[in-house]
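[1] Okay, here's the prediction I keep looking at, along with the sequence it came from:
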Amino acid sequence: MIDNKFNLGFFPTPIQQLKKLSEDYSDYNIFIKRDDNTGLASGGNKTRKLEYLIQKALDEGCNSIITAGAQQSNHCRQTAAACSIAGLKCHLMLGGSEPNRYDGNLLLSSLFGATIHFTGEKRKGEDIHILKKELEKQNNNCFVIPYGGSNVTGALGFVNATKELKEQLIKKNLTIDYIFFASSSGGMQAGLTLGIELYNLKTELVPINIDKAETYGLSLEEVVLNIVKNGTKLLGIKREFELSDIPLNKDYDKAGYGIITDNERFAIHELARSEGILLDPVYTGRAFYGMLNCLKENKIKPNSNVLFWHTGGLPAIFKYADELK
Ligand SMILES: Cc1ncc(COP(=O)(O)O)c(C=O)c1O
């Protein structure tokens, strides 16, 4: 099951030490895993999920993919590119109304040939079933990828990523005590949770919440738990997970989804100017700020090894150019 995937990326993604920041935050050794370098359409964490989702669509004989997200969705941009590679038609339902000028992820999604439907206030695929019916009337066989690619199939990408991480850590003779990352639609968090259990990694997840809005009436923790429960059945994991087993740090989501504050700006400048690595304004900027703040305030054990899992998002920088100067 873990091997039934459509190759879309370059793996393993590198792990580097952030040397200057480890000196500045001297109670910690800070590492970064570069999923911004997964290779598909300028990289990002969705490559891993899409390898399993696209394979499933092909196995089911589908010719069209429908998915949804915000207008600057990284998931949608990567889905559009994956569809080009797999020879599938791609329909994206993106929040907001059509802008005069396409930029950032929206520009790239259209370059990859996706058909774009603008959906106003609804940015999480609330009306996918309506579009699916319409496309089926036109003899399309549609495969729906949920918001963020977050279901048990997509999560397998991060189960596999945990195996990749474990192999890298063994080779480097390194242990990681905490993994910080941006959590938003939940698939990555669910996959890492399952992977850590399956491959017996001794590490603690510190997911930083990005979007305080619920998804289909569920909190992010509930979404993650549902995927984890489906995953335990699929993977034969015995442990029974409860809501209390799903961590989520909500200290940095107050401004709302996609709103840049001094926090994101600080994190983007800090990593760019200390290590020459770019974060994005919506996800990794917020999560990296959260990590630095936790280190500064010693919210996690001193003298530990900390990994920031960089999840991509580069194209959105160009959409937010005026706010990043
Ligand atoms: C750059 C980036 N980081 C992190 C995430 C969060 O991953 P997940 O949706 O699996 O929680 C996303 C999701 O869109 C993303 O685009």
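    Nice, I can see it.
[2] Spit out the contact partners of the closest residue to residue 211 other than its chain neighbours.
    Distances taken as C-beta to C-beta, 6 or more residues apart in numbering put residue 257 closest to residue 211, at 4.2 Å, once the chain neighbours are dropped. Where C-beta positions appear, they are placed from N, C-alpha and C, glycine not excepted. By C-beta atoms under 8 Å, 6 or more residues apart in numbering, residue 257 lies in contact with 70, 210-213, 282.
[3] Report the two of those separated the most.
    70 and 212 (14.1 Å; C-beta to C-beta).
[4] between those two, who's got more neighbours?
    residue 70 (22 against 13; other C-beta atoms under 10 Å).
[5] Touching, that one and residue 283? I think so.
    No. Contact criterion C-beta atoms under 8 Å: residue 70 and residue 283 do not qualify, at 10.9 Å.
[6] Dihedrals phi and psi, the residue lying closest to residue 59 once chain neighbours are set aside?
    Nearest-residue entry for residue 59: residue 4, 7.7 Å, with adjacent residues in sequence omitted and distances by C-beta to C-beta, 6+ apart. Dihedral pair for residue 4: phi -90, psi 80, per degrees, to the nearest 10.
[7] swap in residue 206?
    Backbone torsions of residue 206, given as degrees, to the nearest 10, read phi -120, psi 80.
[8] Spell out which residues belonging to the stretch 151-300 of the chain are near the ligand, please.
    182-189, 280, 283-284 (C-beta under 6 Å from any ligand atom).
[9] now do the stretch 1-150 of the chain
    Near the ligand, when you scan the stretch 1-150 of the chain using C-beta under 6 Å from any ligand atom, you find 44-45, 74-75, 148, 150.
[10] count of neighbours near residue 126?
    15.
[11] which of the residues of the stretch 151-300 of the chain next to the ligand has the most neighbours?
    residue 284 (33 neighbours).
[12] Pull the contacting residues for that one.
    Contact analysis of residue 284 by C-beta under 8 Å, 6+ apart lists 36, 182, 267, 310-313.
[13] With residue 207 instead?
    180-183, 189, 247-249.
[14] which of the residues you listed sit farthest apart?
    Most distant of the contacts of residue 207, by C-beta to C-beta, are 182 and 247, 13.7 Å apart.
[15] neighbours around the residue lying closest to residue 222 once chain neighbours are set aside, how many?
    Nearest non-adjacent residue to residue 222, counting by C-beta to C-beta, 6+ apart: residue 243, 7.1 Å away. A count of nearby residues for residue 243, using other C-beta under 10 Å, gives 10.
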